[in-house]
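Participant: Please find the sequence and the predicted model below.
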Amino acid sequence: MEGWQQVPDVAIIGVGLHPFGRYPGKSALTMGAEAARLALADAGLAWPDVDFAVGGSFEIDQPDSVVAEVGLTGLPFTNVYNGCATAGSALALAAQQIRLGEHRIGLVLGLDKHETGAFTADPTDYACPEWYGEMGLFLTTKFFGMKINRYMHDHGITHQTLARVAAKAYANGAINPSAFRRKALTEEEILGSRMLNHPLTHYMFCSPDEGAAAVVVCDAAIAHQYSDSPVYLRSVVTRTRRYGAFEVHTPSAALEHVPAPTVEAARAAYEAAGIGPEDVQIAQLQDTDAGNEVMHMAEVGLCADGEQNELIAAGATTITGALPVNTDGGLIANGEPVGASGLRQVHELVTQMRGRAGDRQVPTTPRVGLAQLYGAPGVAAVSILTT
Amino acid sequence: MAGEAIAEGLFTWPSEQPQLIGGRCGACDAVSFPRRHGCPRCGSVAVTEQLLGREGTLWTWTSQGFAPKEPFNGTLTVGAETLPWFVGLVEIPGELRVEALLVGVTAETIEIGMPMHLVVVPWRVDEEGREVVTFAFAPGAAEQAVEDSGGVAAGA
């Protein structure tokens, strides 16, 4: 049976976003509370209507602290953290609780507030030795440079393609009132900016920032009581790296090669949804940098390795193209508050699939959307949504 | 060259022909680096020491155009003229690919597939004034380059 025809079990009935950016003096929890209120208002619900919540953050140990701001109702509130895939884990946990019949209405919340510059941490917390950090190797950006450089070597992806991806992100950000980076940049400006990790220049990278996003999920059987335009969460799958995958934060890699965790998460998500990559009409992919968007297009099955040059040159991934990718500007134009980033993707998919994206609305309202997350030390999440 | 290794159990040192210290799994035969208690392939704890080959080819690389934040503690960034430096993955035939700093290469000369060999290079001077050394890979075969370990910044 086609995924379209299966009876959905989990619905998204409200989304809220505290725009990502820089907010000196404003706490992550305050931004989280604002996103939660927006999502509740969108669903036509009040906080006491919510049976359970799941929160995700890197910087805030307990996102459940947000109840001090939105109301002390006594609900069960589970905190999750799974790196850049945090939102995928949070959504998966919420969907499972609904499928199990434990609860009917839940809030999924992501919030974060990072310092500027590339992320750092204690390498031993990521199963890496201390010397790896001392030698300056404990850097995600350097891994992404090495991964795309090899991918370009194997599949002929050009520097121009990378520049086009970044230029598209800034162009979409320029027409998205919520975006952090709202200035369009030319391919020349992008290629001419400082080389951070060859072949990735400064303007090809996203930056850590601040923000929050929230999603109200419910048992699909009651969705129409709250929304005339529910979007169904057909599947959400998370995966960690397998032996043989070339991954971030690894001092060595095996000669034998297996696919990246995104590939495995995508396969499982398609199978669970009864939907194939050919059905996807809009995608939000983890564009930590332009190279990642290019590789993730293939990793989630939206094209074959090497087809990206032609697809991107033809504008296929622009808002008016055949397969719009990162229509709100993605991570490059919005930055990455880690705990919230994946829920921004869901916010954008739902906004587009309800036809409410304003200037950046995809011309034919998409009915099938995919969101993908990837991060250290080799975690991925893929979600599939339909109307 | 004298100096203290950046970490114990990382490479054979002091040595005229240093080798990285990895592991080989007694259950599934997988080679791993650095040596860990468990095998990353099968989870067995029957891992014994295996010294890795000193030569390989460059599988991929990137440049490092900005100084990493802590816990980076090398002396490379004392002068901005040492940026960028180069990092890559060197494939040791029949064993695995090792991530490492690369010395003696420039943006013009570096190329996927080029032969590389292990070297030990000065890294920093510690609080007690001792020189600390670490491993890197340099272009060419091991025998043709005994005197090429002049520092990570060489050729950058």
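Facilitator: In hand now; what should we look at? Note that the structure is a prediction, hence the values are computed from the model and not measured.

Participant: any weak-confidence spans in the stretch 1-150 of chain A?
Facilitator: Confidence mapping of the stretch 1-150 of chain A against pLDDT under 70 gives the ranges A:1-5.

Participant: residue in it nearest to chain B?
Facilitator: Ranked by Cβ to the nearest Cβ, the top residue of the stretch 1-150 of chain A for proximity to chain B is residue A:145, at 3.1 Å. Quick note: C-beta positions are derived from backbone N, CA and C, even for glycine.

Participant: That residue in helix, strand or coil?
Facilitator: With DSSP: H, G, I helix; E, B strand; the rest coil as the basis, residue A:145 sits in helix.

Participant: Please spell out which residue in chain B sits farthest from the middle.
Facilitator: Summary for chain B: using Cα atoms, centre = their mean, the residue whose C-alpha lies farthest from the chain's mean C-alpha position is residue B:27, with a distance of 27.0 Å.

Participant: roughly how far apart are the residue in chain B that chain A sits nearest to and residue A:57?
Facilitator: The shortest separation between chain B and chain A is 3.1 Å, found at residue B:62 (distances taken as Cβ to the nearest Cβ). In this structure, residue B:62 and residue A:57 are separated by 30 Å, where distance is defined by Cβ to Cβ, to the nearest Å.

Participant: one step back: give me the nearest residue to the residue farthest from the centre of chain B, chain neighbours excluded.
Facilitator: Excluding its sequence neighbours, the residue lying closest to residue B:27 (Cβ to Cβ, 6 or more residues apart in numbering or on different chains) is residue B:44, at 3.7 Å.

Participant: May I ask you to confirm that the residue of chain B closest to chain A is in contact with residue A:137?
Facilitator: No: using Cβ atoms under 8 Å as the test, residue B:62 is too far from residue A:137 to be in contact (11.0 Å).

Participant: Those two: which is more packed in?
Facilitator: Relative neighbour count places residue B:62 above the other of residue B:62 and residue A:137, with 29 against 23, counting by other Cβ atoms under 10 Å in any protein chain shown.

Participant: Tell me how far that one lies from residue B:101.
Facilitator: In this structure, residue B:62 and residue B:101 are 11 Å apart, going by Cβ to Cβ.

Participant: Overlap of the contact sets of these two?
Facilitator: B:86-87 (Cβ atoms under 8 Å, 6 or more residues apart in numbering or on different chains).

Participant: Which residue ranges of the stretch 101-250 of chain A form helices?
Facilitator: The residue ranges that make up the helices of the stretch 101-250 of chain A, judged by DSSP state H, counting those that start in this stretch, are A:130-134, A:140-155, A:159-174, A:187-192.

Participant: would you list every one of the strands in chain B?
Facilitator: Listed in chain order, the strands found in chain B under DSSP state E are B:4-5, B:21-25, B:31-32, B:47-51, B:55-64, B:85-92, B:96-102, B:115-125, B:131-139.

Participant: go on, chain A?
Facilitator: For chain A, the strands defined by DSSP E cover A:10-21, A:52-56, A:77-80, A:105-113, A:195-197, A:200-201, A:210-219, A:231-240, A:252-253, A:282-284, A:368-375, A:379-386.

Participant: okay, those strands in CSV with distance to chain B and mean neighbour count next?
Facilitator: As requested, these are exported to CSV (distance: least, Cβ to the nearest Cβ, whole Å; neighbours: other Cβ atoms under 10 Å in any protein chain shown):
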stretch, distance to chain B, mean neighbour count
strand A:10-21, 22, 25
strand A:52-56, 24, 27
strand A:77-80, 25, 19
strand A:105-113, 17, 29
strand A:195-197, 5, 25
strand A:200-201, 8, 25
strand A:210-219, 18, 29
strand A:231-240, 12, 24
strand A:252-253, 4, 22
strand A:282-284, 26, 26
strand A:368-375, 18, 28
strand A:379-386, 16, 29
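
Participant: Can you check which of those gets nearest to residue A:264?
Facilitator: Nearest of those to residue A:264, taken as Cβ to Cβ: strand A:231-240 at 4.7 Å.

Participant: The closest one versus strand A:368-375: what angle between them?
Facilitator: Computed by axes from the mean of the first three to the mean of the last three Cα atoms, to 10 degrees, the angle separating strand A:231-240 from strand A:368-375 equals 30 degrees.

Participant: now for strand A:231-240, which elements pack on it?
Facilitator: If contacts are counted by 3 or more Cβ pairs under 8 Å, 6 or more residues apart in numbering or on different chains; DSSP states H and E, strand A:231-240 sits against strand A:10-21, helix A:86-99, helix A:261-273, helix A:338-353, strand A:379-386.

Participant: The fourth one to strand A:52-56, inter-axis angle?
Facilitator: In this structure, helix A:338-353 runs at an angle of 120 degrees to strand A:52-56, with the same axes, to 10 degrees as the basis.

Participant: residues near residue B:38, how many?
Facilitator: The burial count assigned to residue B:38 is 14, neighbours taken as other Cβ under 10 Å.

Participant: Let me know the pLDDT of it.
Facilitator: pLDDT for residue B:38: 95.

Participant: Might one say that it is in contact with residue B:46?
Facilitator: No: in this structure, residue B:38 is not within contact of residue B:46 by Cβ under 8 Å, at 9.5 Å.

Participant: Skipping its backbone neighbours, what lies nearest residue A:291 in space?
Facilitator: Taking Cβ to Cβ, 6+ apart as the measure, residue A:291 lies nearest to residue A:148, with 2.9 Å between them; neighbours along the chain are not counted.

Participant: Cheers, nothing more for now.
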